[in-house]
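Visitor: predicted model and sequence below, questions to follow.
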Amino acid sequence: MSNIIVFFVSSTLQIKQTFSRNMFRFMMLVQPIIFGTVLYLMFKNSSNDDLVAHVIFGTGLITIWGTIVFSSASDIERERRIGTLKYISCAPVKFIVVMSGKIFGNIILGLLSMVYSTLFIIFVFKVQFHIAHPFYFIFGMILTITSFMAISLMFSALLTLSRQARVFMNALDYPIYIICGLVFPIDMLPQFLRYISYLLSPTWANEILKLTARGITNYNDFYQKLIILTLIIVVYYILSIIFFKLIDKKARFDGTLEVI
Amino acid sequence: MSVVEVSNLKRNYKTHIGVFRRKKKITEALKGIDFSINKGEIFGLLGPNGAGKTTTIKILTTLLLPTNGNVRVLGYNVDGEEDKIRNRINFIFGGERSLYWRLSARDNLRYFADLHKITKKIREARINSLLKIVGLENRGDEKVETYSKGMKQRLQIARGLINDPEVLFLDEPTIGLDPVAAKELRHLILRLKNEGKTILLTTHYMQEADELCDRIAFINNGEILRIGTPEDIKGSIEKMRILSICLQNVSNEQMKNVKEKFKNIKINNKENTTNINIETGDIFLVLNKLSEVFEEYQFLTINTRQATLEDAYIHLLQGDKHE
């Protein structure tokens, strides 16, 4: 019970803290408009399907990725800098519970931002947003969010060990947009990069959401994608649990819970 | 009954030097220290910067793992049984950090209470009580970023007491506080001791350690030099007096002479006057030697005083260099 309380308290604290930062408000409110506008200008002469796939989903996923993953990594860095990381990582409650709560808080904010960016694109650029399979779309969204939460959790565990968490996250931010096909199809990437794309959940999440919007023509292919994404999520969670068990020892051995 | 037991504690830090041809460097922060802290005791860990005080506290609070040795807190090993320790201890590192500045004091305390699995009913009552104890009851709903340094440190004390810990670790808690705030904090520490809490305190202020601590350990270069009560430690240099002499118009020649005659000497020059402090067990002998160097008219004042804890600290750190 106390774990559930800490989970939700950590989420609430995260939302309060995050929303009080100007930079985050910029990321939530201004950045989606910039991404949406740039992607719209890139695809404005394409079909409506492409506009939905790359402008609406592209912007939405970029926004939610930026919000969740970027802020989760910078949270570790911030907690370390302000000196609270040592308290939350050595509290009687498991660190993974605290971090999951924080990431969940970021997801709520990320979703709000995603909805906001979608509405902006629909109303400003008059893009017709039609979902062919609403049920599968909702299911796909849940899987997408779960996968983003899993990937954030995995990164936050690893970044606890490094004092350069923010630098690593900055390095990971933009390549993901390209490698996962959020900006343009991954078919345009060299083959060796596509292997990396297939290991990352946003690639599959993007594919699934696009299919639910356009219409599923090959259900076997769609189910296969759902299964792959589910398996990736399971692997991410297993890795997160392993990493969190390891970091407690490793961080205490290396002394990386503080800035100095 | 020992609440904290430390035996042969060693801690190394591994760092890398250089950019291209990186070399591994091992720094020995603790070189095998031993001590124990009894229940209800205030135990002071004193030493210069880099002596190993904070490393010791971090190991005892389960923030760091020892490289070697046996460390038990409340009977449990810090390496492997930390889950049994964490809810029964708390720690406060001096300074303004370790709080969420964008949240109110009350929200900060609520969050840390939840991390310690404290029920809502107890939590709210305890927060009100702690805010009152640290004098923040009227500012508890304001954001921490609007607080002064002293208020933030007082809030840290409240945070450190949120789980009603049996053992409290205080790392330089009064650093940067004004004298009134520091005095209030010392009163609070004594009050906690009277409530039966065990406290480990590190400080650079010897007077504070003398006033608060039941026992003190002097640590330097990762080794404990001496452990005892403040009286024992002062008593170990009981025969020693500090002779303070104020002189005028001291020449360079005289300065050179006096430095040659006395090893344990501190000299401060200010315009035409020179203050000399000498540790000695034989005041007349020192005065005789000084009279060989200086003329009678040069002596402005001569004072003696008993050695303080600070003198003992400096004496121990400098080694036995009695003249």
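Guide: Yes, it's here. Numbers count the residues shown, from 1 in each chain, chains lettered A, B, ... in the order given.
Visitor: what sits against the nearest residue to B:Glu166 once chain neighbours are set aside?
Guide: Of all residues not flanking B:Glu166 in the chain, B:Arg88 sits nearest, at 4.9 Å (C-beta to C-beta, 6 or more residues apart in numbering or on different chains). (C-beta placed from N, C-alpha, C; glycine too.) Neighbouring residues of B:Arg88 by C-beta atoms under 8 Å, 6 or more residues apart in numbering or on different chains: B:74, B:163, B:165-167.
Visitor: just put those in TSV and tack on neighbour count.
Guide: Listed next are these as TSV, based on neighbours: other C-beta atoms under 10 Å in any protein chain shown:
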residue	neighbour count
B:Leu74	17
B:Asn163	21
B:Pro165	20
B:Glu166	18
B:Val167	21
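Visitor: which one of the residues you listed sits closest to chain A?
Guide: Of all these, the one with the least separation from chain A (C-beta to the nearest C-beta) is B:Asn163, at 7.9 Å.
Visitor: what's the neighbour count on B:Gln318?
Guide: The number of residues packed near B:Gln318 is 11, by other C-beta atoms under 10 Å in any protein chain shown.
Visitor: ok now stretch B:236-249, how far from the chain's centre?
Guide: Centroid separation between stretch B:236-249 and its chain, computed with C-alpha atoms, centre = their mean, to the nearest Å, is 25 Å.
Visitor: average pLDDT across it?
Guide: Averaging pLDDT along stretch B:236-249 gives 81.
Visitor: which SSE is A:Thr212 in?
Guide: According to DSSP states H and E, A:Thr212 maps onto helix A:201-214.
Visitor: other SSEs contacting that helix?
Guide: helix A:58-65, helix A:134-160, helix A:219-254 (3 or more C-beta pairs under 8 Å, 6 or more residues apart in numbering or on different chains; DSSP states H and E).
Visitor: alpha carbons of the first one, as PDB, please.
Guide: Included here for helix A:58-65 are C-alpha records, laid out as PDB according to Å, rounded to 0.1, in the frame of the first residue of the first chain:
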ATOM      1  CA  GLY A  58       5.300  12.400 -35.500                       C
ATOM      2  CA  THR A  59       4.800  15.600 -33.500                       C
ATOM      3  CA  GLY A  60       2.800  13.800 -30.800                       C
ATOM      4  CA  LEU A  61       5.400  11.100 -30.300                       C
ATOM      5  CA  ILE A  62       8.300  13.500 -30.500                       C
ATOM      6  CA  THR A  63       6.600  15.600 -27.900                       C
ATOM      7  CA  ILE A  64       5.800  12.800 -25.600                       C
ATOM      8  CA  TRP A  65       9.300  11.300 -26.100                       C
END
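Visitor: residue numbers of chain B in contact with chain A?
Guide: Taking C-beta under 8 Å from any C-beta of the partner chain as the criterion, chain B approaches chain A at residues B:13-14, B:58, B:61-65, B:82-83, B:86-87, B:93, B:95, B:97-103, B:107, B:110-112, B:114-117, B:163.
Visitor: coming back round to it: what angle sits between the helix holding A:Thr212 and helix A:58-65?
Guide: Here the directions of helix A:201-214 and helix A:58-65 differ by 140 degrees (axes from the mean of the first three to the mean of the last three C-alpha atoms, to 10 degrees).
Visitor: for helix A:201-214, give me every contacting residue.
Guide: Helix A:201-214 is contacted by residues A:49, A:52-53, A:57-58, A:61, A:65, A:129-134, A:136-137, A:140-141, A:143-144, A:147-148, A:150-151, A:176, A:179-182, A:186, A:197-198, A:222, A:225-226, A:228-229, A:232-233, A:236 when judged by C-beta under 8 Å, 6+ apart.
Visitor: if you set the cut-off to 7 Å instead, what comes out?
Guide: The contact list for helix A:201-214, computed with C-beta atoms under 7 Å, 6 or more residues apart in numbering or on different chains, reads A:49, A:52-53, A:57, A:61, A:65, A:130-133, A:136-137, A:140, A:143-144, A:147, A:151, A:176, A:180-182, A:186, A:197, A:222, A:225-226, A:228-229, A:232-233, A:236.
Visitor: mind checking pLDDT for the residue in the stretch 101-250 of chain A that chain B sits nearest to?
Guide: Closest residue of the stretch 101-250 of chain A to chain B, C-beta to the nearest C-beta: A:Lys249 (7.0 Å). Here, the pLDDT recorded for A:Lys249 equals 80.
Visitor: can you pull the contacts of it?
Guide: The contact partners of A:Lys249, taken as C-beta under 7 Å, 6+ apart, are B:Leu65.
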